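Chemist: quick one, fold the following:
(one chain, ligands or ions: 1)
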Amino acid sequence: MSYSLKWDLEGIFKGGSQSAELAAKLQRISESLAVYKEEVKNFSPIKEKQEMSQLVSILDKTEEIEKAVSQVVAFLECLTAQDIHDTKADQLNGEAYSLISEFQTAFTGFTIKLVQIDEALWGELLEDPALSEIAFYLNEKREQGKEQLSEAEEALINALKVDGYIGWSTHYDSLVKTIQIPDTDKDGEEVLLSAGQAFNKMMDDPDPKVRADLFVKWEKVWHEKAPLFADTLNHLGGFRLADYKAHGVTDFMKEPLQYNRMKKETLDVMWDVIAKNKQPFVDFLNRKAQIFGKEKLSWVDVDAPIVTTEPKRYSYDEGAKFIIDNFSKFGVELPKFAEQAFENAWIEAEDRPGKRPGGFCTSFPETNESRIFMTYAGSPSGVATLAHELGHAFHSHVLNGKPFFNTEYAMNVAETASTFAEQICSDASVRAAESDAEKITLLDTKIQNAIAMFMNIHARYIFETNFYKERQKGLVSAERLDELMENAQKESYKDALSEYHPSFWASKLHFYIAEVPFYNFPYTFGYLFSLGIYHLSLKEGKAFEEKYIALLQDTAAMTTEELALKHLGVDLTKPDFWQAGVDLAIADVEEFLELTK
Ligand SMILES: [Zn+2]
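Modeler: Take a look at the predicted model:
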């Protein structure tokens with residue numbers, strides 16, 4: 001057995017970004033879109049059930065275009081990742097995105113017309129076998145349609161967004177590119193680090209002095225430009241609030257919750273359980289401080305490695321075997337799928353220059369395939385990443401054959417299958433550790449993840465909530481943003497650190513993503529949701545897999561609360577399920593504290 005380290009993309013479109021097949025495909029999509037726009041324009045809200053075929057026809061075309069566009073965009077994503085210099089792929093990407101924007105405008109017009117269908121007739125239509133399976137999706141679109149203003153007003157807002165909203169988000173990227181952190185390299189030469197380079201060194205360098213020195217420079221540089229970032233954040237948030245107001249929305253949490261198909265009660269109880277369980281994580285931070293010979297950890301020490309021993313290394317084939325073997329302990333379908341992904345060369349894992357950093361999984365809805373991108377270096381965290389991405393691919397796999405509208409799951413459940421798969425492997429790595437020292441290193445990595453979810457992301461949520469409260473009343477100054485951030489961090493880390501990161505609101509990209517406000521709590525939700533499922537699978541054994549697959553298949557077909565109730569029999573607005581997930585993370589902390597006594 002020797003698996004390919006490179007993926008096969010030729011089976012999707014032959015010839016990479018120069019592909020004639022791909023060019024022809026884009027051309028066909030553009031033609032279908034022209035027909036689609038005409039049909040939507042001529043569609044008048046139907047008055048009786050006999051006219052239903054008009055509605056079904058538009059929905060069929062919607063699905064067809066969305067699938068085709070996704071197929072192309074996924075392919076282009078693979079091309080730009082495997083070769084960052086593939087400018088032709090970038091250019092095609094631009095073309096694909098302008099098609100998407102055209103499609104979205106047409107589709108919004110369609111949802112506005114859905115609202116005009118009489119309530120009783122609407123109910124009748126959804127019971128028809130042609131539509132009943134996608135009833136949740138249609139209801140959701142119709143509800144969203146109800147909040148829309150007129151077609152002309154929505155078109156105007158969309159046009160203004162380009163420069164007034166998305167523009168601020170891209171302006172953020174331009175500002176970050178001007179960030180240069182002065183530093184000295186190994187030979188004592190003066191160098192200027194980009195934000196990304198400085199961040200990695202500051203958080204991961206084994207030498208505490210290197211981390212601390214860099215942190216001072218880091219804060220200083222972001223601080224100097226803070227007024228520019230404050231402008232950007234204020235205008236992004238201001239546009240958002242003005243947009244809500246135009247739509248009669250006064251609660252700034254409405255959109256993020258709606259987007260994640262969940263209730264405020266659920267979110268509140270999740271944070272509440274976390275807030276009540278901070279002590280073990282504070283104990284962990286204190287113990288880690290002790291190991292580093294400090295009274296308290298600084299912000300930049302939290303993720304720093306405890307160098308005790310180099311963990312075991314896995315060749316690519318060994319990593320694959322480790323994953324498949326451990327997946328087998330949890331069921332039949334998951335390992336079978338993973339083995340096929342390796343055999344069919346769905347994974348790009350080679351360590352070579354010119355690749356984009358990071359990892360992702362993308363799916364091809366027209367051919368029911370997935371591709372995984374990463375750079376595999378043989379560490380246990382590399383194996384965990386591979387397992388994580390295979391989890392995403394498995395999620396897409398079990399959705400094959402479902403209507404495309406039922407495959408578009410929200411951010412909070414998007415990480416369910418991946419975290420679950422990763423958890424299986426990271427737990428197995430800890431069990432396979434050959435010494436206590438190795439076990440400590442591996443546990444530390446696992447707990448860092450929990451700290452990120454329960455403390456770092458919690459701080460982001462508290463900050464963003466307080467920012468919007470103040471932004472509703474007017475502009476928020478850079479000094480005040482620093483204050484809000486530091487207070488949020490102190491609250492969420494329970495004062496366990498010696499030093500915080502006040503300019504984090506400027507340095508963290510996630511606060512500047514247009515279209516996705518509160519790009520934070522879905523992470524913690526997904527992590528805990530998945531740990532809760534993992535907890536159930538440990539209790540129920542291999543028989544759990546069937547239930548697990550059924551749950552994944554419904555991830556985009558109901559609200560999050562309905563999903564948990566139907567498949568797990570749990571009420572997400574109650575603390576028990578969340579507590580079970582937190583307890584798993586606490587068990588890791590306890591083991592760590594025991595081993596490092
Ligand atoms: Zn993921």
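Chemist: so how far is residue 116 from residue 145?
Modeler: 9 Å (C-beta to C-beta, to the nearest Å). For every residue, glycine as well, the C-beta is placed using N, CA and C.
Chemist: now residue 3
Modeler: Residue 3 sits 55 Å away from residue 116, going by C-beta to C-beta.
Chemist: who has more neighbours, these two?
Modeler: Comparing residue 3 with residue 116 by other C-beta atoms under 10 Å, the one with more neighbours is residue 3, at 17 against 12.
Chemist: my read: that one touches residue 341, true?
Modeler: No: in this structure residue 3 lies outside contact range of residue 341 using C-beta atoms under 8 Å: 9.5 Å.
Chemist: centroid residue for this protein?
Modeler: residue 411 (5.7 Å; C-alpha atoms, centre = their mean).
Chemist: any idea which helix or strand comes after the helix or strand hosting residue 431?
Modeler: In the assignment (DSSP states H and E), residue 431 maps to helix 416-432. Downstream of helix 416-432, the next assigned helix or strand under DSSP H and E is helix 436-451.
Chemist: show me which residues of the following helix or strand past that next one are buried.
Modeler: Sequence order places helix 457-471 as the next helix or strand after helix 436-451, per DSSP H and E. Buried residues in helix 457-471, counted by 16 or more other C-beta atoms under 10 Å: 457, 458, 459, 460, 461, 462, 463, 464, 466, 467, 468, 471.
Chemist: just give the nearest non-adjacent residue to the last one, would you?
Modeler: This points to residue 471. Counting by C-beta to C-beta, 6 or more residues apart in numbering, residue 471 lies nearest to residue 237, which is 4.7 Å off, once chain neighbours are set aside.
Chemist: any idea how far residue 94 is from the one you found?
Modeler: According to C-beta to C-beta, residue 237 and residue 94 sit 28 Å apart.
Chemist: contacting residues for the residue nearest to residue 471?
Modeler: Listed by C-beta atoms under 8 Å, 6 or more residues apart in numbering, the contact set of residue 237 reads 467, 468, 471.
Chemist: show me which of those residues is closest to residue 242.
Modeler: Distance ranking of these against residue 242, using C-beta to C-beta, places residue 471 first at 10.8 Å.
Chemist: the closest one contacts residue 239, correct?
Modeler: No: counting by C-beta under 8 Å, residue 471 does not reach residue 239; the two are 10.7 Å apart.
Chemist: how about the contacts made by residue 488?
Modeler: Residues near residue 488 by C-beta under 8 Å, 6+ apart: 459, 460, 462, 463, 466.
Chemist: 6 Å instead, please
Modeler: Contact partners of residue 488, counting by C-beta atoms under 6 Å, 6 or more residues apart in numbering, are 459, 462, 463.
Chemist: can you lay out the contacts of residue 237 as CSV showing pLDDT and distance to residue 165?
Modeler: Compiled in CSV, these are given as follows (pLDDT from 0 to 100; distance: C-beta to C-beta, whole Å):
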residue, pLDDT, distance to residue 165
467, 98, 17
468, 98, 16
471, 98, 14
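Chemist: following element in sequence after the lengthiest helix in the chain, please.
Modeler: Longest helix of the chain, by residue count under DSSP state H: helix 52-82. Going down the chain from helix 52-82, the next helix or strand is helix 87-115, by DSSP H and E.
Chemist: host element of the closest residue to residue 164 other than its chain neighbours?
Modeler: Nearest non-adjacent residue to residue 164, counting by C-beta to C-beta, 6+ apart: residue 239, 5.5 Å away. If you go by DSSP H and E, residue 239 is part of helix 226-246.
Chemist: roughly how far out does that helix sit from the chain middle?
Modeler: 23 Å (C-alpha atoms, centre = their mean, to the nearest Å).
Chemist: put the alpha carbons of it into PDB.
Modeler: Coordinates of each C-alpha in helix 226-246 appear next as PDB, following Å, rounded to 0.1, in the frame of the first residue of the first chain:
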ATOM      1  CA  ALA A 226      -5.400  51.700  15.700                       C
ATOM      2  CA  PRO A 227      -7.400  54.800  14.500                       C
ATOM      3  CA  LEU A 228      -7.500  53.400  11.000                       C
ATOM      4  CA  PHE A 229      -8.700  50.000  12.200                       C
ATOM      5  CA  ALA A 230     -11.200  51.700  14.400                       C
ATOM      6  CA  ASP A 231     -12.600  53.600  11.400                       C
ATOM      7  CA  THR A 232     -12.900  50.400   9.500                       C
ATOM      8  CA  LEU A 233     -14.700  48.500  12.300                       C
ATOM      9  CA  ASN A 234     -17.000  51.400  13.000                       C
ATOM     10  CA  HIS A 235     -18.100  51.700   9.400                       C
ATOM     11  CA  LEU A 236     -18.500  48.000   8.800                       C
ATOM     12  CA  GLY A 237     -20.600  47.800  12.000                       C
ATOM     13  CA  GLY A 238     -22.400  51.000  11.200                       C
ATOM     14  CA  PHE A 239     -23.400  49.800   7.700                       C
ATOM     15  CA  ARG A 240     -24.700  46.600   9.200                       C
ATOM     16  CA  LEU A 241     -26.800  48.400  11.800                       C
ATOM     17  CA  ALA A 242     -28.200  50.800   9.200                       C
ATOM     18  CA  ASP A 243     -29.100  47.900   7.000                       C
ATOM     19  CA  TYR A 244     -30.900  46.200  10.000                       C
ATOM     20  CA  LYS A 245     -32.700  49.400  10.700                       C
ATOM     21  CA  ALA A 246     -33.900  49.700   7.100                       C
END
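Chemist: can you pull the buried residues of stretch 290-304?
Modeler: Buried residues in stretch 290-304, defined by neighbour count with 16+ other C-beta under 10 Å: 296, 297, 298, 299, 300, 301, 302, 303, 304.
Chemist: now swap in stretch 257-273 and tell me
Modeler: Buried residues in stretch 257-273, counted by 16+ other C-beta under 10 Å: 257, 259, 260, 261, 262, 266, 267, 269, 270, 271, 273.
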